[in-house]
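Undergrad: got a structure for you, letters missing:
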């Protein structure tokens with residue numbers, strides 16, 4: 001069978017990228033074709049290269065906020081890799097609607113909250129400040145609106161009385177590394193039913 005080709009966009013250490021890549025073995029319907037970053041120094045690029053995955057980087061800084069110009073450069077290695085699915089894994093640049101529309105229905109993102117709660121940043125602190133009893137992470141299809149789009153999976157955990165944003169983030173990350181690969185496997189087999197963990 002021909003495997004689906006997966007490109008993964010990262011900005012940092014790439015821990016979610018590693019969990020995705022390491023899951024794409026055996027009878028998995030997909031294989032990684034590219035790891036792409038907006039930072040040439042991103043630690044995740046080294047981890048990808050060590051695993052034999054093609055890597056590329058396009059530094060956003062020279063574009064001075066010109067998103068369209070940055071994305072035009074980002075598209076070059078991405079389109080050359082011909083991905084069937086694009087996974088955002090800690091990619092810290094907001095993408096324009098034009099960019100997202102090119103991959104509509106086949107671009108995924110993981111977000112550290114139980115969407116639609118807490119779109120954007122500082123999700124762990126916001127969940128604690130709100131007095132929430134539970135928190136978690138979500139994988140969703142990417143649409144033009146930030147942290148929006150159909151939800152493809154969620155993992156939930158209890159917020160402990162002594163949790164800080166840092167301890168909560170660390171506990172959520174453990175679930176991110178379980179949820180994202182589970183969603184990718186299901187999604188790349190053509191099944192969009194949400195994955196609910198635990």
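TA: Looks like it came in fine. In this text, all values refer to a predicted model and were calculated from it rather than measured experimentally.
Undergrad: Next up, the contacts around residue 154.
TA: 114-115, 136-139, 179, 194-197 (C-beta atoms under 8 Å, 6 or more residues apart in numbering). In this view, the C-beta of every residue, glycine as well, is placed from N, C-alpha and C.
Undergrad: If you could redo that for residue 178, that was the one I meant.
TA: Neighbours of residue 178 in contact, by C-beta under 8 Å, 6+ apart: 19, 155, 197.
Undergrad: Also residue 171?
TA: Neighbours of residue 171 in contact, by C-beta under 8 Å, 6+ apart: 157, 163.
Undergrad: quick one on the thing from earlier: neighbour count and secondary structure for the contacts of residue 154 - can I get that in a markdown table?
TA: Converted to a markdown table, the contacts of residue 154 look like this (neighbours: other C-beta atoms under 10 Å; DSSP: H, G, I helix; E, B strand; the rest coil):
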| residue | neighbour count | secondary structure |
| --- | --- | --- |
| 114 | 20 | coil |
| 115 | 20 | coil |
| 136 | 25 | strand |
| 137 | 27 | strand |
| 138 | 26 | strand |
| 139 | 28 | strand |
| 179 | 26 | helix |
| 194 | 15 | coil |
| 195 | 21 | strand |
| 196 | 12 | strand |
| 197 | 15 | strand |
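Undergrad: Now flag whichever of the residues you listed is closest to residue 163.
TA: residue 136 (12.8 Å; C-beta to C-beta).
Undergrad: could you dump the contacts of residue 178 to a markdown table with pLDDT?
TA: As requested, the contacts of residue 178 are exported to a markdown table (pLDDT from 0 to 100):
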| residue | pLDDT |
| --- | --- |
| 19 | 98 |
| 155 | 98 |
| 197 | 97 |
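Undergrad: Just send those residues back as a markdown table, with distance to residue 70 too.
TA: Listed next are the contacts of residue 178 as a markdown table, based on distance: C-beta to C-beta, whole Å:
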| residue | distance to residue 70 |
| --- | --- |
| 19 | 27 |
| 155 | 32 |
| 197 | 34 |
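Undergrad: sorry, back to before: now, which of the contacts of residue 154 sits nearest residue 10?
TA: residue 139 (15.5 Å).
Undergrad: how close does that closest one get to residue 79?
TA: As for residue 139, its distance to residue 79 is 24 Å (criterion: C-beta to C-beta, to the nearest Å).
Undergrad: what's the spacing between residue 30 and residue 177?
TA: For residue 30 relative to residue 177 (C-beta to C-beta), the value is 17 Å.
Undergrad: Check residue 169 too.
TA: 13 Å.
Undergrad: And those two? Which one has more around it.
TA: Set residue 169 next to residue 177 and count neighbours by other C-beta atoms under 10 Å: residue 177 wins out with 19 against 16.
Undergrad: Before I go, just wanted to say thanks for your time.
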